[in-house]
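A.B. asks: using only what follows, build the 3D model:
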Amino acid sequence: MSNPEHHSSTAAAAAPAQEPELIPLNSPSEGIPEVIATAPALQRAVRALQQGSGDLAVDTERASGFRYGQRAFLVQIRREGAGTWLIDPETLDDLSPLVDFANEHPWILHAATQDLPCLNELGMNPVSLFDTELAGRLAGFPRVSLGTMVGELLGLKLAKEHSAVDWSTRPLPESWLNYAALDVEVLDALRGKITEVLEEQGKLEFARQEFDYELHMPAAAPVSEPWRKLSGISKIKSRRNLAVARELWTSRESLAQSRDIAPGRLLPDKAIMAAIDFRASSVPALLQIPGFHGRSAKRDAPRWLDAVQRGRSTRELPELRVDKPGLPHHRSWVEKNPQAAARLALAKDVVSAVSEEWNIPGENLLTPKFLRELCWNPPTVLSEGSVDEALGTMGARPWQRELLSHRLAAAFKQK
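C.D. replies: Here you go, the predicted structure:
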């Protein structure tokens, strides 16, 4: 492994102090593509993509904050020699021609963890991937948004004004389609530039291991009581009021799913909290509560009142606090496990030092959860080999273990 000082200086050079003048990228090179919304058009798109060469640049657009869930309302795919294709998965009953083709190829994405879940829902999975955002983090770029990286590495100004619009809108405005097509137009060139940076820094193998881990990362386990994620719920001090919050959340979730609308658009979290404080016992009283003034709140007021009354009458009262699975919060370690707290302090110093040497963010150098687990439950016999094995069992990648295992073992032995 080469001198880490080389990696720091290279990454620093990748983030110039003076902002360069960027060339605006206003429209796709082949014009704004049509939206593929019929089976014959999809077959035509797949045939064109088959005639192209190289990896697939892939992106999606969702309707977060507008529709229920995080499904894709537009899929963008570009391939050298085949151009850019915009696919509307909402109007196509059978995506299998696209799925069969795309699943045989490597993909280039930016922030893959945002796009892979909704693509997986469509049955789409790459054979391998290159994540330009994750590559930027490993390379030490302080800002890794697509627009920023395209500016720094390609010298282009990429407009991002439509990133938070309602992509379930039909027909999609031409300016939105222009934006969507540009997002994949730059990915292959960006991959090439960031690959050069990673090679120069000696981190390309790090990136390959991270991409493979990202691709095969298991889905998060479902939350047992998702209603406890309501904003402001930590202020509730009675089990009865928690029951009201739970019933309102459950009723809102069911209605949001049936109407395919984001739950917060039906009833904001703050309105649920206000309903608990104001204790309304009738629809007119409920409609006087902040957050219940919109058209949807008025139309569904009887439903919300019914949920409030269920919460007030149920015998199934939730516990005020539930123990979260896993380790105690690390701020409580000094009292609960002083030795683990001491190990964690030493381990953080090690990660911070290696992070600075290699110019890699600490959270990318080692998942914080893995570090805490190691400090709370260290190997019985401390050695470089036992620490390395423990980290490997948790899921740490070989490059991370190579950089950290010996240093962590040495630090723990000093304690």
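
A.B. asks: in this structure, where is pLDDT below threshold?
C.D. replies: Low-confidence regions of the chain, defined here as pLDDT under 70, cover residues 1-20, 415.

A.B. asks: can you pull out the strands in the stretch 51-200 of the chain?
C.D. replies: 53-62, 72-80, 83-87, 107-109, 129-131, 156-158 (DSSP state E, counting those that start in this stretch).

A.B. asks: for the longest one, which helices and strands make contact with it?
C.D. replies: Taking 3 or more CB pairs under 8 Å, 6 or more residues apart in numbering; DSSP states H and E as contact, the helices and strands that strand 53-62 lies on are strand 72-80, strand 107-109, helix 112-121, helix 174-185, helix 187-201. Where you see a C-beta, it was placed from the backbone N, CA and C, and this is true even at glycine.

A.B. asks: give me the sheet partners of that strand and which way each runs.
C.D. replies: Strand pairing for strand 53-62, determined by DSSP bridges: strand 72-80 (antiparallel), strand 107-109 (parallel).

A.B. asks: highest mean neighbour count out of the strands of the stretch 51-200 of the chain?
C.D. replies: Greatest average neighbour count among the strands of the stretch 51-200 of the chain goes to strand 107-109 (a mean of 26), per mean count of other CB atoms under 10 Å.

A.B. asks: off-centre distance for that one?
C.D. replies: Offset of strand 107-109 from its chain centre (CA atoms, centre = their mean, to the nearest Å): 15 Å.

A.B. asks: need the helices and strands packed on strand 53-62 in CSV with distance to Ala220, can you?
C.D. replies: CSV is the format used below for these (distance: least, CB to CB, whole Å):
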stretch, distance to Ala220
strand 72-80, 19
strand 107-109, 19
helix 112-121, 10
helix 174-185, 26
helix 187-201, 26
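
A.B. asks: which of these sits most buried?
C.D. replies: strand 107-109 (a mean of 26).

A.B. asks: pull the residues that contact that strand.
C.D. replies: Strand 107-109 is contacted from outside by 55-59, 115-116, 126, 128-132, 187-188, 191, using CB atoms under 8 Å, 6 or more residues apart in numbering.

A.B. asks: just stretch 399-406 next, same as before
C.D. replies: With CB under 8 Å, 6+ apart as the contact definition, stretch 399-406 has outside contacts at 1, 205-206, 209, 350-351, 354, 358, 365-366, 384-385, 387-388, 391-392, 396.

A.B. asks: kindly report the same for stretch 372-380.
C.D. replies: By CB under 8 Å, 6+ apart, the surrounding residues in contact with stretch 372-380 are 327, 330, 333, 337, 340, 343-344, 347, 386-387, 389-391, 394, 408, 412.

A.B. asks: what do you get if the cut-off is 7 Å, keeping everything else the same?
C.D. replies: Identification of contacts with stretch 372-380 by CB atoms under 7 Å, 6 or more residues apart in numbering yields 327, 330, 337, 340, 343-344, 347, 386-387, 390-391, 394, 412.

A.B. asks: residues contacting Arg240?
C.D. replies: 312, 317.

A.B. asks: element containing it, please.
C.D. replies: Per DSSP states H and E, Arg240 falls inside helix 239-259.

A.B. asks: tell me the spacing between the closest residue in space to Leu42 that isn't next to it in sequence and Leu177.
C.D. replies: Among residues not flanking Leu42 along the chain, Ile36 sits closest, at 5.4 Å (CB to CB, 6 or more residues apart in numbering). For Ile36, the distance to Leu177 equals 12 Å [CB to CB, to the nearest Å].

A.B. asks: anything in contact with each of the two?
C.D. replies: Residues within reach of Ile36 and of Leu177 at once, by CB under 7 Å, 6+ apart, are Leu86.

A.B. asks: circling back to that earlier point, can you say which of the strands paired with strand 53-62 is nearest to Ile272?
C.D. replies: strand 72-80 (27.5 Å; CB to CB).

A.B. asks: what sits against Gln76?
C.D. replies: Residues in contact with Gln76 (CB under 7 Å, 6+ apart) are 58-59, 84, 86, 180-181, 183-184.

A.B. asks: Pro117 is in contact with Gln70, correct?
C.D. replies: Yes - counting by CB atoms under 7 Å, Gln70 does reach Pro117; the two are 6.5 Å apart.

A.B. asks: re the thing from before, dump the contacts of Gln76 to CSV, plus distance to His293.
C.D. replies: Conversion of these to CSV gives the following (distance: CB to CB, whole Å):
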residue, distance to His293
Val58, 42
Asp59, 38
Thr84, 44
Leu86, 38
Ala180, 35
Ala181, 40
Asp183, 37
Val184, 42
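
A.B. asks: farthest pair within those residues?
C.D. replies: Largest pairwise distance in those, by CB to CB, is 12.7 Å, between Val58 and Ala181.

A.B. asks: the residue nearest the centre of the chain and Glu133, how far apart?
C.D. replies: For the chain, the residue sitting closest to the mean C-alpha position, by CA atoms, centre = their mean, is Gln114 at 4.2 Å. Taking CB to CB as the measure, Gln114 falls 9 Å from Glu133.

A.B. asks: domain ranges for this protein, per the record?
C.D. replies: When the chain is parsed with automatic domain parsing, its domains come out as 4-215, 226-313, 330-414.

A.B. asks: please name whichever of those domains is nearest to Val322.
C.D. replies: domain 226-313 (7.3 Å).

A.B. asks: first-to-last residue distance for that closest one?
C.D. replies: The straight-line separation of the ends of domain 226-313 (CA to CA, to the nearest Å) is 21 Å.

A.B. asks: so how far is that domain from its chain's centroid?
C.D. replies: So, by CA atoms, centre = their mean, the centroid of domain 226-313 is 28 Å from its chain's centroid.

A.B. asks: ok, which stretches of the stretch 251-400 of the chain are helices?
C.D. replies: 263-266, 269-278, 283-286, 295-299, 301-313, 333-336, 338-358, 362-365, 368-376, 384-394, 398-414 (DSSP state H, counting those that start in this stretch).

A.B. asks: quick check: buried residues in the fifth one?
C.D. replies: When neighbours are counted by 16 or more other CB atoms under 10 Å, the buried residues of helix 301-313 are found to be 301, 303-305, 307-308, 310-311.

A.B. asks: buried residues of the helix holding Arg240, list them for me.
C.D. replies: For helix 239-259, by 16+ other CB under 10 Å, it's 241-249, 251-252, 255-256.

A.B. asks: what does stretch 136-150 give?
C.D. replies: In stretch 136-150, counting by 16+ other CB under 10 Å, buried: 136-141, 144-150.

A.B. asks: perfect, I'm done here.
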